[in-house]
Structure formats: C-alpha cells, structure tokens
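J.: Output the structure for:
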Amino acid sequence: MPLELFGTSTISRRFKALTTRIAPVAAAVSAALILWHAARDKPAAESAMPAPLVYPIATAAAPAALGADSGRAAAIREASVASTLVIVARNDTMDAIFGRMALDKADLAAIRKLPGIRQSLDFLKPGDAINVTHTNAGEIRHLSRKVSETQTLEVVRENSGFAAKMIDNPVETRVRTASATIASSLFQAAESSEISDAVALKLANVFAYDIDFVLDIREGDHFTVAYEQIYQDGKYLRDGEVLAAEFVNDGRTYRAVRFGGDGGVAGYYTPDGKPLRKAFLRAPVDFTRVSSAFAANRLHPILNLIRGHMGTDYAAPIGTPVHAAGDGRVSFEGIRGGYGNAIMLLHDHNISTLYGHMSRFAKNVHLGSHVNQGDVIGYVGMTGLATGPHLHYEYLMRGVHMNPQTVPLPGAEPLRDAALVRFRRVATPLLGSLAAPSPPAAASGPMAASTTPAGVAADGTRASVN
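T.: Residues are numbered from 1 along each chain as shown. As a prediction, this is how the structure comes out:
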C-alpha cells in the first residue's frame, strides 16, 4: 500500500472515533439551549397580530346574581352575535339569502307570519340592502331593510318572539332656483350652473311645444328654473319636478308654471292659465337633424324629378321610436307607395298626420285603433323611396298640406273659473321665485336650495299643487 494512502486512512479512522464520542454531548447541549429559550421567551404582543376580519360585539359582564355558570353562558351567546350587510343580487329571494348565510329558516317562517310583513319582507330588487344581526348558529336577532324611500322595516327578536314595525324616514323637499346663459348647448349651460341633466331635460320638455331645442336654440339664450330638491336627514337625494321656468329664446320670453288641475294630473301653464301643452307635438320623433324641409318644389333624390316635398324629413337612427303627434284614430296602416311602411292618423278639427318610411309598426297599433298624443306608433326606418333612415312627417288640415315646422298648433283647453283662481294663487309666488336664484352651496355638496319648502310661499300659502 502506498504511504500516502496509509496515512489518510489512519487520520479518517481517528476523526470518526472522535465525532462518535462528541455527538451525544453536542445533542444534549442543543436540547438544553432550546428548552432554556422556550422558558425565557414571551409570546408576541396581541397588538402585533393581524386584525380579525369580523370584529366580535363587546358584551357587559354577567350580573353576579345570575351565578358564574349562567353569566358565562350568556357571555358566550352574546359573543357569537355578528352583524352582516346583505346586498340583494338579481333573482335573489329571502329563502336563498338565508340558505347562503346558513341562517335559521324557522326564524324566516316566523317573521313571515307577522301581520302585514310578508310583502315588505319578500319584495326584493337588485341592489337592496338588508341588515341582519345573527348568532353563529344562524339565529336571527335583528333584521332591517328599506322598503321605500321613506319607510324602513325593522324586525327584532323579543322574549315572546319576533316583533316588527315600520320606521318612517321622511324626506324634505326644498326649492332651488338657478339661471344659465347658453353658449353652445342647453346641457352645457345647465352644467355650468350645476343644474343636473335630468332637470335640463325636464325643462326642454316643458317648452317643447314652443321651442325646438335642436334647431331654435341660439347663443345668448337665457333660462331660469325653479325646481325641487329632495333631502333626507339633511342629505341630498335627488332632484324633483320643475315648478316654474322662464326661457328667453332669440329675444322671445316663454314662462311656465306647474299646476295640478281638477283631474289631478299636473301640467304646465302660461302665467295667464293657458296650457303649454298643444294638441299636437311639433316633432313626433327625437331626431338628429332635419334632412329635408317642407318645400313646394324639390328635386327628388331618387326619382330625379321636381316635385313638392309636402312634409318634413327628420333624420334619426333606425329603430328610434315614432310618437303620435296628437290624439287620434289610425285611418291607414301598411305599405303606401314611396312612403314605404306608413301610418296615417285622423284627428279632431279635420286634421290628419302621416308618418312614412318606418321600419316596423308598434304592437297594438292597427287600423281603427285609438292613440293618445305621445304613444309610440312605430319605429324609424328607410322603407320605400328613402336614401337613409328618417321619418317623413306630414300635417294636413282639411286635406291641405301645411308645413309641420311652422303651422300654428291648436292648444289644449285653458283653465277656467275656480281652477283659474287656484292657479293664480299658486303661480304668483312661483313666478316671483324666478327673480331670486339660490346662492351656491359649499363645495362638498350640491347647490344649496332656498329655505322655503317646496310649493310654499313666503306667507305660508301653498304654492304648488302636484
């Protein structure tokens, strides 16, 4: 054997014998160190631990008179109570919610048996919020949900069983008056004065019989509007109705006041009691532009012939609803030559209207059927001789074609006698409010409303009848 290998083998045997003797001692020392550290070190502070996702409800100590066992049992029961906010999903039911949360359905059955509660409990809409306080075992302690803007259902478990009541959450209606001048559009002007799009749209509808808000609006036109703002517990909820308004269009002033007549249906009237509502709509469709106006002589775009264009073409996307311009009866429905799909309505006072190029007719609109102003009778299309989607609209008086954009439209019946007296009592303070726009509110909320309650004049008299 070589000398080098002999020496290496001898050293290896000696090292192995040494580690065999030392290993038990090293193991014993390590174990002792571990035990010493375990006895010496303290647990980490509770404040360093992650916060729980569900916080337990704190409970008071059990009274001594109950005894130690009773107090401990009560504390355990109270500590197991949790509150959960449930947001109702589409097609949700109370049974599904109770099953999903592992709540006691016997409690649900008991609550449903309470007089007058079942409908308020079970009528759910997506987005509704339900607050449930329950034990870990699924026992209901408290349940509440808002059933309307002004009422909340509250159910509480008592010693004798469940009890329920409706809690009123009254709303407060304030009146805000604001003004704006148009630079480019009605909605941009409204936004500059912090008037919502909903109020701007209602304003346009108020004056729709007299002003074409697509074609007639001019730079420099000015408007003032007094409208409701709804608050609850001091918090703004939404805007309400337009109560009075003034619109200056191209130098001409239009004024309107909201008033509920003898029939109980509210409408808008001029300061002298004449209704703004006309017997006919100026335009029976929401259009993007007038693609062809009324003309005695016009070059037909398809036939290439000079012939009269005896109506107005309102360009609009296919499928846009077409409305009846006034109350009447369907005297024709079907294909009418170059008009394509067309409907003709016969109205009072020997007036008739025609609607052409429609893509289809509305359901329940047939020959002989009665329609009211604003009813949908069909939808924009491009049937017949049409180069693009639009509604061709004609207005005839005693069989003679009139320009739909300029013909004087007959109005509805004016207020008379006692109704006119009541209207004047309502109109005076509301028209006066148009001269006093409300000041702006703090930046944290909507524009401030005037402090006068909605529909009440400064002298306390009722100022609106809705």
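
J.: and Pro170, helix, strand or coil?
T.: Three-state assignment for Pro170 (DSSP: H, G, I helix; E, B strand; the rest coil): coil.

J.: need the contact list for the nearest residue to it once chain neighbours are set aside.
T.: The shortest distance from Pro170 to any non-neighbouring residue, by C-beta to C-beta, 6 or more residues apart in numbering, is to Thr150 (6.0 Å). To be clear about C-beta, it is placed using only N, CA and C from the backbone, and glycine gets the same treatment. Thr150 makes contacts with Asp168, Asn169, Pro170, Val171, as judged by C-beta atoms under 8 Å, 6 or more residues apart in numbering.

J.: got a pLDDT number for the first one?
T.: Going back to what we said before, that points to Asp168. At Asp168, the pLDDT value in this model is 92.

J.: And it, how far from His142?
T.: Here Asp168 is placed at a distance of 19 Å from His142 (C-beta to C-beta, to the nearest Å).

J.: One more: the third one?
T.: With distances taken as C-beta to C-beta, Pro170 is found 23 Å from His142.

J.: Repeat that for the second one.
T.: Using C-beta to C-beta, one obtains 17 Å as the distance from Asn169 to His142.

J.: And for the helix or strand containing Ala96, what's in contact with it?
T.: Ala96 belongs to helix 94-100 when elements are defined using DSSP states H and E. Residues outside helix 94-100 that contact it (C-beta under 8 Å, 6+ apart): Val86, Val88, Leu103, Asp104, Lys105, Leu108, Leu121, Asp122, Leu124, Ile130.

J.: List the buried residues of it.
T.: By neighbour count on 16 or more other C-beta atoms under 10 Å, the buried set for helix 94-100 is Met94, Ile97, Phe98.

J.: for stretch 367-375, same thing?
T.: Val371, Gln373, Asp375.

J.: Tell me how far it lies from the chain's centre.
T.: 29 Å (C-alpha atoms, centre = their mean, to the nearest Å).

J.: show me where the protein has helices.
T.: 3-40, 67-79, 94-100, 105-112, 118-122, 186-192, 197-206, 417-433 (DSSP state H).

J.: Out of those, name the one with the poorest average pLDDT.
T.: Among the helices of the chain, helix 67-79 carries the lowest mean pLDDT, at a mean of 50.

J.: in this structure, what spans have low per-residue confidence?
T.: Filtered on pLDDT under 70, the chain yields the residue ranges 1-79, 261-264, 296-307, 436-466.

J.: and of the buried residues of helix 94-100, the nearest to Asn350?
T.: Of all the buried residues of helix 94-100, Met94 has the smallest distance to Asn350: 59.3 Å, by C-beta to C-beta.

J.: Thr152 versus the closest one, what's the distance?
T.: Look at Met94 and Thr152: by C-beta to C-beta, they are 16 Å apart.

J.: swap in Gly411?
T.: Computed as C-beta to C-beta, the Gly411 to Thr152 distance reads 45 Å.

J.: Please apply the same query to Asn136.
T.: Distance check for Asn136 against Thr152: by C-beta to C-beta, it reads 26 Å.

J.: Those two: which has the busier surroundings?
T.: Thr152 (16 against 11; other C-beta atoms under 10 Å).

J.: Chain neighbours aside, what residue packs nearest to the more buried one?
T.: Nearest-residue entry for Thr152: Ile167, 4.5 Å, with adjacent residues in sequence omitted and distances by C-beta to C-beta, 6+ apart.

J.: Check the burial of that neighbour by counting its neighbours.
T.: By other C-beta under 10 Å, neighbour count at Ile167 equals 12.

J.: my guess is it meets Gln151, correct?
T.: Yes: taking C-beta atoms under 8 Å as the definition, Ile167 is a contact partner of Gln151 at 7.0 Å.

J.: now the buried residues of stretch 367-375 as JSON lines including distance to Gly326?
T.: Formatted as JSON lines, the buried residues of stretch 367-375 follow (distance: C-beta to C-beta, whole Å):
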{"residue": "Val371", "distance to Gly326": "9"}
{"residue": "Gln373", "distance to Gly326": "5"}
{"residue": "Asp375", "distance to Gly326": "10"}
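
J.: circling back to that earlier point, looking at Asp168 and His142, which is more packed in?
T.: Per other C-beta under 10 Å, whichever of Asp168 and His142 has more neighbours is His142, with 15 against 7.

J.: and the chain, what are its domains?
T.: For the chain, the domain assignment from automatic domain parsing gives the residue ranges 72-168, 172-277+416-453, 289-402.

J.: Put together JSON lines for these, with distance to Ala283 on each row.
T.: Shown next, in JSON lines, are the domains of the chain (distance: least, C-beta to C-beta, whole Å):
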{"stretch": "domain 72-168", "distance to Ala283": "35"}
{"stretch": "domain 172-277+416-453", "distance to Ala283": "7"}
{"stretch": "domain 289-402", "distance to Ala283": "6"}
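
J.: what's the closest non-adjacent residue to Lys125?
T.: Closest residue to Lys125 apart from its sequence neighbours, by C-beta to C-beta, 6+ apart: Val88 at 6.6 Å.

J.: how near is Ala279 to Val407?
T.: Relative to Val407, Ala279 is positioned 12 Å away (C-beta to C-beta).

J.: just Asn169 next, same as before
T.: Distance, Asn169 to Val407, by C-beta to C-beta: 50 Å.

J.: Bridged to the spatially closest residue to Leu143 that is not a sequence neighbour, which residues?
T.: Among residues not flanking Leu143 along the chain, Val155 sits closest, at 4.4 Å (C-beta to C-beta, 6+ apart). Note on Val155: beta-bridge partners by DSSP bridges are Leu143, Ala164.

J.: Val155 contacts Met166, correct?
T.: No: checked against C-beta under 8 Å, the pair Val155 and Met166 is beyond contact range at 10.7 Å.

J.: Which one's more surrounded, those two?
T.: Taking neighbours as other C-beta under 10 Å, Val155 and Met166 compare with Val155 leading, 22 against 15.

J.: dump the residue contacts of the more buried one.
T.: Neighbour list for Val155: Ile111, Leu114, Ile117, Leu121, Ile140, His142, Leu143, Ser144, Phe162, Ala163, Ala164 [criterion: C-beta under 8 Å, 6+ apart].
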